[in-house]
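Asks: here are the coordinates; sequence isn't available:
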């Protein structure tokens, strides 16, 4: 889940910081290359969220050290972002004629336009900073976590960056307290959990702070923790409508189309998903020898799992096996790199990353490496809950998760994207990666591995894949019906358990995730459906298709179709 992922860059267009962002150059006899314009847009956008800039590897902007700064949430900062969008659009209208651009640059032009529209939707209509306390806890947590784990500078320098950010926590918490209103009770609950995890993160980071800065660091950490404690007390005073997390049909449609970069209609996508669900159920029934035998078959597969303490070692072993398989089968041109680590999902992000996720290499410093996040199973969970989790992520489920997130799913896709040229195109298509492309590739490549014979053609792996396809399709059904049709939670939970055979722990986690997000859950089905069609239309070999698609970067799937049609094999 780039998605669940994540992504750290989900906040780039949700907060604002510097007023130094500038619009396009004034008119000249030689207009700038569009890649230069795209790069300017990405870098200026990153200044609005220094925590995201650190994750991308953008260190200084106009001489300002971004690693020492912290995202702002005050109205003047949001207005600076609004003004930047307006100036940038004016510059585009003045200096760029889309029809005169190359096909590749037209795609980048559209991505920039879509990202500005998404930013404006957030600023003026979604207004997340007024409703979701998790935004603050997670942004503050990311601001500390990235410099703590990402070795972009010597440890002492990174601890100095953390210190400077800790010193700003109280002011940001005060901004949050002023901003939040009408917060749904469930979001209060999840905000409290994320806030507590951020407090725990500060303690963990402080254990190894350099001795020479101990006095200042300890004082800043104590004040930051006190501010977060005040924030938790404030959150407990907030109230809002129970269903305040639902977007409603109008806002949902706007966000859906901008996130996908396509004129999707929610009702049509829902109908397609429901049809796909029925077709996948029929395929599972044929595999099991009858609809009534599906559950016994899946129950038998679910029982094939290891112990809780074997969860991480199993994922690392599967990753090594998948990497060797992709190389041996020559399924695509695999980057000659090995900079991926399997780590625990940051605690302050586990509200939405209940299973795991993927954090790509920083676009500007890819040598720092990528992370496959795996959410640990707590030892203090009741045995029945641990068993439910292990049954869902049994030996086959964990294998598919690892393929999806890492090899050859998100990790490979982003490693290739990080090699795009020119630099402006690479930055635009990685920092603002199209989620339907990313998730579509991850599911398509999982199916590709199974068809190529991974795991010695074990039929249980394919059966598990079909079960997970039911989950991917039901993600879209759940998301659309939750946000546009007020689908009752109890009915949705029963649907996930009965119609898609999810374990209760998984189904409840998916309900939680759907209440914490919107639209992202549709990207799995829509992206996979698009990849399936792209492969049908492509006339070359599988490897030629994989290489041709991945070298484009994560762009809207409609743009992929146009570029492939215009490019000879």
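Replies: That came through, no problem. Because the structure is predicted, anything quoted here is derived from the model rather than measured.

Asks: Isn't residue 462 up against residue 287?
Replies: Yes. At 7.4 Å, residue 462 and residue 287 qualify as touching, with contact defined as CB atoms under 8 Å. All C-beta atoms are positioned from the backbone trio N, CA, C, and that covers glycine.

Asks: Tell me which of those two has more neighbours.
Replies: Applying other CB atoms under 10 Å to residue 462 and residue 287 shows that residue 462 carries more neighbours, namely 18 against 14.

Asks: who touches the more buried one in this structure?
Replies: 287, 450 (CB atoms under 8 Å, 6 or more residues apart in numbering).

Asks: Next one, pLDDT for it please.
Replies: In this model, residue 462 is scored at 97, pLDDT.

Asks: And the closest residue to residue 330 other than its chain neighbours, which helix or strand is it part of?
Replies: Counting by CB to CB, 6 or more residues apart in numbering, residue 543 is the residue found nearest to residue 330 once chain neighbours are left out, at 6.5 Å. Of the helices and strands defined by DSSP states H and E, residue 543 is found in helix 542-550.

Asks: How far off centre is that helix?
Replies: In terms of CA atoms, centre = their mean, to the nearest Å, the centre of helix 542-550 is set 23 Å apart from its chain centre.

Asks: how about the strands of the stretch 251-400 of the chain, start to end?
Replies: 340-344, 356-359, 370-374 (DSSP state E, counting those that start in this stretch).

Asks: still on that earlier bit, residues touching the helix holding residue 543, excluding its own?
Replies: With contacts defined as CB under 8 Å, 6+ apart, helix 542-550 is touched by 330-333, 412-413, 416-417, 441, 445, 448, 531, 534-535, 538, 540, 560, 564, 567, 569.

Asks: Okay, angle between the helix or strand just after that helix and helix 542-550 too, please.
Replies: Using DSSP H and E, the helix or strand that follows helix 542-550 in sequence is helix 557-566. In terms of direction (axes from the mean of the first three to the mean of the last three CA atoms, to 10 degrees), helix 557-566 departs from helix 542-550 by 120 degrees.

Asks: Which elements pack onto helix 557-566?
Replies: Packing contacts for helix 557-566, counted by 3 or more CB pairs under 8 Å, 6 or more residues apart in numbering; DSSP states H and E, involve helix 103-121, helix 435-451, helix 523-537, helix 542-550.

Asks: Need the winner for burial among the ones you listed.
Replies: Most buried of the helices and strands packed on helix 557-566, by mean neighbour count (mean count of other CB atoms under 10 Å): helix 435-451, with a mean of 25.

Asks: For that helix, what is the distance to the chain centroid?
Replies: With CA atoms, centre = their mean, you get 15 Å for helix 435-451.

Asks: That one: what's the following helix or strand?
Replies: helix 459-485.

Asks: residues of the helix or strand that that next one is followed by that come out buried?
Replies: Per DSSP H and E, the first helix or strand lying C-terminal to helix 459-485 is helix 489-500. Applying a neighbour-count criterion of 16 or more other CB atoms under 10 Å, one finds 489, 492, 493, 495, 496, 500 buried in helix 489-500.

Asks: Equivalent analysis for stretch 136-155, please.
Replies: Buried, per 16+ other CB under 10 Å, within stretch 136-155: 136-150, 152.

Asks: what about the strands of the stretch 251-400 of the chain, which gets the closest to residue 87?
Replies: strand 356-359 (31.7 Å; CB to CB).
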